[in-house]
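Trainee: no sequence on hand, only this structure:
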């Protein structure tokens, strides 16, 4: 991108202090800009360049980051979903893509545009003789496959030690959540194995009653989780 004379910027719906911290800790080699009031995103929308989806339901995310108060979901107008916009100095749109949040991509948390795909599309636009704006890319190559929502919900419950669903919010010791996600996965396998063992060796009636009681406890907590993760149905 820079070899072609361009520049890269990351824009986040968090305050500038957190955007700068992310740039430092994640070692970006490009500038990270905080846009908590969606001024940049709003300008892009008003110009007809790109309109990002916005999720203003943040209670579940805050619950998962309450021991990192400075990294709690500090989005006064909600957080906007991922998007990529490439535009020339003259205002010609070379490329645009936005994340459509659904259950399959965990409310927009998974599946990002691959750099190779983005650059191939931008480079093709630069080499083209056409002077019109690029259409929204609705068939982009992403870096993560879709997931089965019930499995993800089960992992959230495992992260909360099967008492409640708990989000994988930012933690300084595990910023991307990979270690906690792995631990929750193993915890879920152990939980299933423990119930299987209980049914094998214990009195089925009592074990079954205990399992029903647990389902009765955890099930009412799941609709809240479903509501917190944005889901845009196809038009």
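Mentor: In hand now; what should we look at? Nothing here was measured: the structure is a model prediction, and the numbers come from that model. Numbering: from 1, shown residues only.
Trainee: tell me where the protein is predicted with low confidence.
Mentor: For the chain, the stretches flagged by pLDDT under 70 are 63-73, 169-177, 235.
Trainee: now with 80, please.
Mentor: Within the chain, the segments meeting pLDDT under 80 span 59, 61-75, 168-178, 234-235.
Trainee: where exactly do the strands run in it?
Mentor: Taking DSSP state E, the strands of the chain run over residues 9-12, 31-34, 54-55, 79-80, 83-87, 93-98.
Trainee: packing partners of the third one?
Mentor: Meaning strand 54-55. Judged by 3 or more CB pairs under 8 Å, 6 or more residues apart in numbering; DSSP states H and E, strand 54-55 is in contact with strand 79-80. Backbone N, C-alpha and C define where each C-beta goes, glycine included.
Trainee: what sits up against the strand it packs on?
Mentor: Applying CB atoms under 8 Å, 6 or more residues apart in numbering, the contact partners of strand 79-80 are 13, 14, 38, 41, 52, 53, 54, 55, 58, 73.
Trainee: in this structure the fifth one contacts residue 78, no?
Mentor: Spelled out, that is residue 52. No - using CB atoms under 8 Å, residue 52 is not in contact with residue 78; the gap is 10.5 Å.
Trainee: so for those two, which residue has more residues nearby?
Mentor: residue 52 (20 against 17; other CB atoms under 10 Å).
Trainee: the nearest residue to that one once chain neighbours are set aside pairs with what?
Mentor: Once flanking residues are discounted, residue 52 sits nearest to residue 80: 4.2 Å by CB to CB, 6 or more residues apart in numbering. Note on residue 80: beta-bridge partners by DSSP bridges are residue 54.
Trainee: count the neighbours of residue 80 for me.
Mentor: With other CB under 10 Å as criterion, residue 80 counts 24.
Trainee: what distance do you get for the residue lying farthest from the centre of the chain to residue 194?
Mentor: Distance from the C-alpha centroid of the chain peaks at residue 203, with 42.8 Å (CA atoms, centre = their mean). Using CB to CB, to the nearest Å, residue 203 is found at 16 Å from residue 194.
Trainee: against residue 94, how distant is residue 128?
Mentor: Going from residue 128 to residue 94 by CB to CB gives 9 Å.
Trainee: of those two, who's got more company?
Mentor: Between residue 128 and residue 94, counting by other CB under 10 Å, residue 94 is the more crowded of the two (18 against 11).
Trainee: surely the more buried one and residue 87 touch.
Mentor: Yes - between residue 94 and residue 87 there is a contact at 6.6 Å, judged by CB under 8 Å.
Trainee: out of the contacts of strand 79-80, which sit inside helices?
Mentor: Secondary structure from DSSP state H places residue 41 of these in helices.
Trainee: OK, contacts around the residue positioned nearest the centre of the chain?
Mentor: Nearest to the geometric centre of the chain sits residue 109, at 1.7 Å (CA atoms, centre = their mean). Residues near residue 109 by CB under 8 Å, 6+ apart: residue 229.
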